[in-house]
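> just to be clear, the model below is a prediction. Sequence and coordinates:
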Amino acid sequence: MSLVDAASLLRRAARGGWAVGAFNCNNMEILQAIIRAAEAENAPVIVQASQGAIKYAGLGYIAAMALHAARAARVPVAVHLDHGTSFEQVVRCVRAGFTSVMIDGSHLPLEENIALTQRVVEVARPVGVSVEAELGRIGGAEDDIRVRQREAFFTDPEEAARFVGETKVDSLAVAVGTVHGRYRGVPRLDFERLRRIRSLVDVPLVLHGSSGVPADAIREAIASGIAKVNIDTDIRQAFVTALRRALAEAPDEIDPRKVLGPARDAATDVIREKIRLFGSSGRAQEIREVVS
Ligand code: G3H
Ligand code: 13P
Ligand code: ZN
């Protein structure tokens with residue numbers, strides 16, 4: 001029984017100067033890869049379902065698979081909604097048994113983002129579900145925005161302090177130079193801004209779009225206050241590359257398990273590497289001691 005809420009995990013990580021890996025689960029094999037990697041590293045982990053994953057598999061399948069995986073795991077696992085789009089979707093996920101939700105009101109004017117996030121905290125907190133919100137716009141590599149334009153969407157530290165004070169969220173996703181998906185060049189993070197946010201805000205901070213960010217930058221982000229690191233693209237890339245190779249090596253193979261197995265192994269390897277980079281390797285026991 002190791003299904004846990006995310007807030008206690010993240011507070012512990014933030015205090016210890018390490019981060020919890022939050023890995024997107026797109027199908028059963030990737031979910032198994034996340035759990036296998038976490039168990040091999042004896043690390044706590046967050047399994048998260050994106051909007052695309054929910055659309056692809058259906059919330060019922062995702063919830064049943066992820067909750068089973070978490071309960072059966074030998075390490076602490078939180079099950080999290082990634083980029084929740086509405087109050088109603090959050091309620092559906094809480095009802096399905098998720099232990100953590102993100103409400104992404106980052107596209108809304110500040111007052112509306114605050115009001116929506118407050119509503120979510122109001123329903124989630126009494127039932128022990130953690131809430132992550134987003135301030136600033138993280139966006140995607142595919143959005144054709146120049147870096148200077150993108151900076152206009154970076155999280156404002158003073159606004160972040162007000163946002164957290166008024167919403168009482170458990171964690172905050174910040175825009176400091178990362179984007180979702182594959183980078184065209186090398187991402188440059190605004191660490192100074194991140195540290196300023198850290199000094200004004202007392203909840204754990206979340207880094208989205210962390211695939212493709214060099215290891216040194218990830219380490220510095222964690223040292224500057226990031227306690228949850230989201231990874232999707234790097235897993236997809238490893239999975240599909242291994243799948244392509246398996247298909248090419250055995251063009252007559254018709255058993256899906258024979259080609260999906262190597263893809264699952266490749267995803268496991270990438271996730272293990274990330275867990276070690278985030279410093280969460282070997283942290284399962286200390287988490288068991290602080291969560292119910
Ligand atoms: O939010 C980050 C995800 O990587 C986007 O995933 O295309 O499955 O919604 P999605
Ligand atoms: P990447 O796909 O860029 O790793 O981003 C993942 C993410 O932020 C999920 O919320
Ligand atoms: Zn994201």
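Cool, the structure landed. Numbering: from 1, shown residues only. Ligands and ions are numbered 1, 2, ... in the order given.

> how about the residues of the stretch 101-250 of the chain by ligand 2?
Within reach of ligand 2 by C-beta under 6 Å from any ligand atom, the stretch 101-250 of the chain has these residues: 180-181, 208-211, 230-233. Placement of C-beta: from N, CA and C, glycine included.

> what about ligand 1: which of those residues touch it?
Among these, the residues that sit close to ligand 1 (C-beta under 6 Å from any ligand atom) are 180, 232.

> do you know the pLDDT at residue 142?
For residue 142, the pLDDT comes out at 69.

> please, which helix or strand holds residue 269?
Using DSSP states H and E, residue 269 falls within helix 256-278.

> chain center to that helix: distance?
17 Å (C-alpha atoms, centre = their mean, to the nearest Å).

> for stretch 73-87, same thing?
From the chain centre to the centre of stretch 73-87 is a distance of 8 Å (C-alpha atoms, centre = their mean).

> what does stretch 72-90 give?
9 Å.

> setting aside sequence neighbours, what's the nearest residue to residue 78?
residue 6 (4.0 Å; C-beta to C-beta, 6 or more residues apart in numbering).

> could you double-check that that neighbour sits in contact with residue 102?
No - assessed by C-beta atoms under 8 Å, residue 6 is found out of contact with residue 102, at 9.6 Å.

> any of the residues of the stretch 101-250 of the chain next to ligand 2 buried? List them.
Those of these that meet the buried threshold are 180-181, 208-211, 230-233, by 16 or more other C-beta atoms under 10 Å.

> now render the residues you listed as a markdown table, adding secondary structure and pLDDT.
Listed next are those as a markdown table, based on DSSP: H, G, I helix; E, B strand; the rest coil; pLDDT from 0 to 100:
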| residue | secondary structure | pLDDT |
| --- | --- | --- |
| 180 | strand | 96 |
| 181 | coil | 96 |
| 208 | coil | 98 |
| 209 | coil | 97 |
| 210 | coil | 98 |
| 211 | coil | 98 |
| 230 | strand | 98 |
| 231 | strand | 98 |
| 232 | coil | 98 |
| 233 | helix | 98 |
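
> reformat those residues as TSV; add distance to residue 45.
Formatted as TSV, these follow (distance: C-beta to C-beta, whole Å):
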residue	distance to residue 45
180	20
181	22
208	17
209	19
210	14
211	16
230	12
231	11
232	14
233	18
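
> between those, which is closest to residue 74?
Nearest to residue 74 among those: residue 231, at 21.3 Å, using C-beta to C-beta.

> how about the residues of the chain that lie near ligand 1?
Contacts of the chain with ligand 1, taken as C-beta under 6 Å from any ligand atom, map to 24, 50-53, 82-83, 180, 232.

> again, 8 Å this time
Counting by C-beta under 8 Å from any ligand atom, the chain comes close to ligand 1 at 24, 26, 50-53, 55-56, 82-83, 180-181, 208-209, 230, 232-233.

> quick one: contacts for residue 47?
22-23, 25, 31, 34-35, 66, 69-70, 77-80 (C-beta atoms under 8 Å, 6 or more residues apart in numbering).

> again with residue 78
Per C-beta under 8 Å, 6+ apart, neighbours of residue 78: 3-6, 9, 44-47, 70, 99-100, 130.

> same question for residue 262.
Residue 262 neighbours (C-beta under 8 Å, 6+ apart): 242-243, 245-246.

> can you select the buried ones from the residues you listed in PyMOL?
Buried residues within the contacts of residue 262, by 16+ other C-beta under 10 Å, are selected in PyMOL with:
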select buried, resi 242+243+246
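
> just checking, which of the contacts of residue 262 belong to helices?
Among the contacts of residue 262, the ones falling in helices (DSSP state H) are 242-243, 245-246.

> for residue 274, state which of those residues is nearest.
Closest to residue 274, out of all of the ones in helices among the contacts of residue 262 and judged by C-beta to C-beta, is residue 242, at 16.3 Å.

> for the closest residue to the closest one other than its chain neighbours, grab the count of nearby residues.
Spatial nearest neighbour of residue 242, chain neighbours left out: residue 266 (3.6 Å); criterion: C-beta to C-beta, 6+ apart. Using other C-beta atoms under 10 Å, residue 266 has 21 neighbouring residues.

> how about the strands in the stretch 101-250 of the chain?
With strands called from DSSP state E, counting those that start in this stretch, the stretch 101-250 of the chain shows them at 130-135, 171-174, 205-207, 226-231.

> the shortest one - what's its average pLDDT?
When pLDDT is averaged over strand 205-207, the result is 98.

> for ligand 2, what is the nearest residue in the stretch 1-150 of the chain?
residue 82 (4.5 Å; C-beta to the nearest ligand atom).

> residue 275 versus that residue, what's the distance?
For residue 82, the distance to residue 275 (C-beta to C-beta, to the nearest Å) stands at 18 Å.
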